[in-house]
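Trainee: give me a 3D structure for the following:
(one chain, ligands or ions: 1)
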Amino acid sequence: MADILVERSDKVAVLTVHHPERRNALTPELSGQLAAAVTAAENDPGISALVITGTPPAFCAGADLAALTQVREPELRAIYSGFLAVARCALPTVAAVGGAAVGAGLNLALAADVRMAGPGARFDARFLKLGTHPGGGMTWMLQRAVGPQRAAAMTLFGEVLDADAALAAGLAHRVVAGDFDKLVEQAVGFAAGAAEAPRALAIATKRTMRLTETLTAHADAVEVEIAQQVGTMNSADFAARLAEARRR
Ligand SMILES: C/C=C/C(=O)SCCNC(=O)CCNC(=O)[C@H](O)C(C)(C)COP(=O)(O)OP(=O)(O)OC[C@H]1O[C@@H](n2cnc3c(N)ncnc32)[C@H](O)[C@@H]1OP(=O)(O)O
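Mentor: Here you go, the predicted model:
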């Protein structure tokens, strides 16, 4: 049965796309469930970071091919809604990619802030081979993640990256040896690093990173950050952490 499994590990929520018989392919329904799970986590003050993964053997086989007949814009947007929710997520996100991430499934991986790959990971743009134009912002996300040349190799020339190649390309931040459980355990441990910061601060910092990414001048980024810093440096939480740091 297709579902989004939600598990909690302290302040980290693990969202697992679960339809292994179809390699976690995205239907409008499944993507809707994923978007709802992301929103629920954002609205839960006890959750500070997310891990996104897919039940093995695949991470996500992209759009469900059965859902791709007679596609119109609303259906396409519905299929994309899950990874778009991850891309928009206010909380820090880690994708644990243990198997194939194909087409819209690659988009799901790209939508996360950080990707960790297991030995079986495959990063495959695929759209052109299927005879369709890339969608869901893949051309934008991939070029930012790996640069224009590698993005062209993957998108136009069909290059598929395994875990080590993804690491070398900067598409994966880490490769985790071992099985799927080990990958998720490492991803949760990594995500817990974000959960150590005050939740609102991590959210504000992620928002600032999105904003400064599009600025052209360093000086403009300094101005954006200084306003945020003055706010946080006058908070009770900062005072407590500063006092603790001074004691060390
Ligand atoms: C708008 C468009 C957006 C896009 O996302 S474009 C990209 C669309 N996606 C694809 O073209 C991927 C197609 N699938 C694959 O290439 C492979 O699969 C995988 C590499 C993901 C996994 O390979 P393996 O583990 O060997 O599995 P298996 O034997 O090929 O498939 C197992 C079962 O999973 C079903 N399945 C796989 N991908 C999809 C999919 N995308 N939509 C629907 N079903 C899928 C198959 O049909 C089959 O099913 P059965 O066991 O009944 O024969």
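Trainee: and A197, how many neighbours does it have?
Mentor: With neighbours defined by other Cβ atoms under 10 Å, the count for A197 comes to 17. For every residue, glycine as well, the C-beta is placed using N, CA and C.
Trainee: from here on, count from 43
Mentor: Sounds good: first residue 43 from here, last item A239.
Trainee: could you look up the SS state of it?
Mentor: Secondary structure, DSSP: H, G, I helix; E, B strand; the rest coil: A239 is coil.
Trainee: could you measure it against the ligand, distance?
Mentor: Using Cβ to the nearest ligand atom, to the nearest Å, one obtains 34 Å as the distance from A239 to the ligand.
Trainee: which SSE is the residue nearest the centre of the chain in?
Mentor: Centrality entry for the chain: nearest residue to the mean C-alpha point is A154, 1.4 Å, by Cα atoms, centre = their mean. A154 belongs to no helix or strand when assigned by DSSP states H and E.
Trainee: how about it: what's its closest non-neighbour residue?
Mentor: For A154, ignoring the flanking residues on the chain, the nearest one in space by Cβ to Cβ, 6 or more residues apart in numbering is A137 at 3.7 Å.
Trainee: just the element for the one you found, please.
Mentor: For A137, the host element (DSSP H and E) is strand 135-139.
Trainee: which neighbours does that strand have in its sheet, and in what orientation?
Mentor: Using DSSP bridges, strand 135-139 pairs in its sheet with strand 91-96 (parallel), strand 156-159 (parallel).
Trainee: to the ligand, which of these lies closest?
Mentor: Comparison of those against the ligand by Cβ to the nearest ligand atom identifies strand 91-96 as nearest, at 10.0 Å.
Trainee: tell me which residues in that closest one are buried?
Mentor: Of the residues in strand 91-96, those with enough neighbours to count as buried (16 or more other Cβ atoms under 10 Å) are A91, L92, V93, I94, T95, G96.
Trainee: need the contact partners of it.
Mentor: Counting contacts by Cβ atoms under 8 Å, 6 or more residues apart in numbering, the residues outside strand 91-96 that touch it are 53-60, 65-66, 80, 83, 101-102, 128, 131, 133-141, 147, 150, 153-154, 225-226, 229-230, 233-234, 236-237, 244.
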